[in-house]
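Participant: Kindly return the folded structure for what I paste below:
(chains A, B, C and D)
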There are 2 protein chains.
Amino acid sequence: MHDHSAVHDHGACCGNATDALARAERLCAERDLQFTRLRRDVLEAVASEAKPLGAYDIAERLSGQGRRVAAVSVYRALDFLTENGLVHRIASRNAFVSCGHQHGDGAGLVFLICRTCGSIDETTSPEVDDQLDRALAKAGFKPSSRILEVEGECGACLGHEPNP
Amino acid sequence: MHDHSAVHDHGACCGNATDALARAERLCAERDLQFTRLRRDVLEAVASEAKPLGAYDIAERLSGQGRRVAAVSVYRALDFLTENGLVHRIASRNAFVSCGHQHGDGAGLVFLICRTCGSIDETTSPEVDDQLDRALAKAGFKPSSRILEVEGECGACLGHEPNP
DNA sequence: GATGCGATGTTACAGTGTATCAGTACCAGA
DNA sequence: TCTGGTACTGATACACTGTAACATCGCATC
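Facilitator: Numbering: from 1, shown residues only, chains lettered A, B, ... in the order given. Below is the predicted model:
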C-alpha cells in the first residue's frame, strides 16, 4: 500500500501528510481560497511520499474505482498548490514535492535530492542568499525568482554505506 | 537570417560562436575526442544564440536543403557537449546554452535568465559556493552536482526601462 | 577482407505540459 | 425565481521533450 523500500526515515515522511493537509486547510481559510477535493487529494498524494511525484503518477494514483482524474486536472491543482507555497516543483526532475516547512512563499529554498534513495529534503540558508544577492547585484541583475537544487547523497544513505 | 529583435548586446553574442568552436576543437584534440560535423553544427547553433535553444529548435535549424537532422541526433550531440562542459542545460527551460567561459567542468555556475529579453548569462561566485558547501555539510548532505538558476531582469533590460 | 567500435540515421514510443471547449456548482443581484 | 458571472472540473486534442531499439556507415586494427 505504501512503498517503503527505499532507505529513508528522517521523520519527514508519511506523518506529515496530515500536517500538510491541516496547514493547507488553514492557509486556504485565511486567504479565502477553495480547498476543493481535487486539490486536497493531489496534496495528499504528494505529501504522502518523500520522493517527488510526476503529474501523471499523481493522476494514476487518484484514478481507479470509477474515478478518473486526468493529468490536466492534476496540473491545475498543482498550479494552485505551488502558487500558494504548499507544493514545490523540482525542475531537475519535472516532479513535485509537498512543502515540508512553513516558510512563507518558498523563496530561498535549497532542495537536497538524494541519488540513492530518491528522497528530497529542503533547507534554507540566509548566508547563501546573502552571497547570492551580492553576486547578482555585482552582475547588475535584478532577481525575481530562483531555483537551487543539489543532487548527492543524504545523511541517512551515507550512514548506511559500508565505506563512506 | 539572425534574429536580433530582442534587446541584448552585452558582447557575449554572435562573436563567441567562433570562439566556442575554437575552444571545442582544442578541447577535443586534447582529450582525443571526435569533434564531428554534427557536434560542430549543434554547438555552432547553440553558440550563435544568446537565448537558450530547445533540442527541436536546433534540429529544425540544422535541417533543410536536403539535410534532415532528427532530434535524437541532436540529443546525442548535446549529451556529448554537456559532458565535456561545452554546453549547459537550463533545467528550468528544458533548453541549452553554449558555455561562455572556460571554467573547467562547469561546476559552481550561476545562470542568470532575463525574463524580458530571454538572454542567459553565466557567473560564478566562490562565496556562494562556500556558503552552500557549509549549509550542505550542516545538513549532512554530500553533494555531487547542483543547479542554480535565477530569473529576473538583466542589466541591459533594466537600463532600457523608463522607471526602474 | 574480417572484425570491432563509435557515431549517425531512422522509427517508434514514453513522458511532460498546454490549449480549448464544455459542463457544473455556487453566489450575487435583478 | 431567474439570470448572469465566476471559479472549478472534465474531456479531448495536441505540442513539446526525451529515450529505446535497431540498422547503417566510416574507420581503425588485425
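
Participant: For the rest of this, base every contact and every neighbour count on C-alpha atoms.
Facilitator: Fine.

Participant: Next up, the contacts around A:Thr124.
Facilitator: For A:Thr124, the contact set (CA atoms under 8 Å, 6 or more residues apart in numbering or on different chains) comprises A:Gly108, A:Leu109, A:Val110.

Participant: try 6 Å
Facilitator: Neighbour list for A:Thr124: A:Leu109, A:Val110 [criterion: CA atoms under 6 Å, 6 or more residues apart in numbering or on different chains].

Participant: elements contacting the one helix or strand A:Leu43 maps to?
Facilitator: Using DSSP states H and E, A:Leu43 maps to helix A:37-47. Helices and strands touching helix A:37-47, by 3 or more CA pairs under 6 Å, 6 or more residues apart in numbering or on different chains; DSSP states H and E, are strand A:95-98.

Participant: now with 10 Å?
Facilitator: Applying 3 or more CA pairs under 10 Å, 6 or more residues apart in numbering or on different chains; DSSP states H and E, one finds that helix A:37-47 contacts helix A:15-31, helix A:55-62, helix A:71-83, strand A:87-90, strand A:95-98.

Participant: So for B:Leu86, which of those sits nearest?
Facilitator: Ranking those by proximity to B:Leu86 (CA to CA) places strand A:87-90 first, at 24.6 Å.

Participant: Report the strands that pair with that closest one, each with its relative direction.
Facilitator: Take DSSP bridges as the rule and strand A:87-90 pairs in its sheet with strand A:95-98 (antiparallel).

Participant: ok, and what's touching the strand it pairs with?
Facilitator: Under the contact criterion CA atoms under 10 Å, 6 or more residues apart in numbering or on different chains, strand A:95-98 has outside partners A:16-17, A:20, A:42-58, A:78, A:81-82, A:85-90, A:119-121.

Participant: Indicate whether it makes contact with DNA strand D.
Facilitator: No: using CA under 7 Å from any atom of the strand, strand A:95-98 stays clear of DNA strand D, coming no nearer than 12.7 Å.

Participant: What's the first helix or strand after that strand?
Facilitator: strand A:109-114.

Participant: and that next one, which strands flank it?
Facilitator: In the sheet, strand A:109-114 lines up with strand A:120-124 (antiparallel), strand A:142-153 (parallel) (DSSP bridges).

Participant: Relative to DNA strand D, which of the ones you listed is closest?
Facilitator: strand A:142-153 (15.9 Å; CA to the nearest atom of the strand).
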